[in-house]
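Peer 1: All I have is the shape, not the residue letters:
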């Protein structure tokens, strides 16, 4: 898999992107199998925190009682401030909502 480029464990990425307060909470949520990862046109359910994500992947996950889709823009190197974390992803849902109102 290394020929596909640089990757980062999903639990670490979720923590870097400030989707979860702690890495252990991200790990627990991934382990429950409630997330889907779309990579290279293939969507699959993930339940292993060691699953690698890459820039360009789409992650579908439950957040605050809703299902959201996030496009991974960057992997990040640390859990930085919120402004830095927001540059790691973009919400696909917001884009679809704007298109439906045009």
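Peer 2: Nice, I can see it. This one's a predicted model, so the numbers in the text were calculated from it and none came from an experiment.
Peer 1: Residue 84 - how many residues pack around it?
Peer 2: Using other C-beta atoms under 10 Å, residue 84 has 16 other residues around it. Any C-beta I mention is one placed from the backbone N, CA and C, and that applies to glycine too.
Peer 1: Leaving out chain neighbours, which residue sits closest to it?
Peer 2: Of all residues not flanking residue 84 in the chain, residue 76 sits nearest, at 7.6 Å (C-beta to C-beta, 6 or more residues apart in numbering).
Peer 1: tell me the contacts of the spatially most central residue of the chain?
Peer 2: Nearest to the mean C-alpha position of the chain, counting by C-alpha atoms, centre = their mean, stands residue 59 at 4.5 Å. For residue 59, the contact set (C-beta atoms under 8 Å, 6 or more residues apart in numbering) comprises 10, 35, 36, 37, 38, 53, 69, 70, 71, 72, 89.
Peer 1: these two touch, right, the residue nearest to residue 84 and residue 16?
Peer 2: Yes - counting by C-beta atoms under 8 Å, residue 16 is a contact partner of residue 76 at 3.9 Å.
Peer 1: Let's see the PyMOL selection covering just the buried ones among the contacts of residue 59.
Peer 2: Buried subset of the contacts of residue 59, written as a PyMOL selection, criterion 16 or more other C-beta atoms under 10 Å:
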select buried, resi 10+35+37+38+53+69+70+72+89
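Peer 1: Reformat the contacts of residue 59 as CSV; add pLDDT and distance to residue 21.
Peer 2: Converted to CSV, the contacts of residue 59 look like this (pLDDT from 0 to 100; distance: C-beta to C-beta, whole Å):
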residue, pLDDT, distance to residue 21
10, 97, 16
35, 96, 17
36, 97, 22
37, 98, 22
38, 97, 25
53, 97, 19
69, 97, 21
70, 97, 17
71, 97, 22
72, 97, 20
89, 97, 17
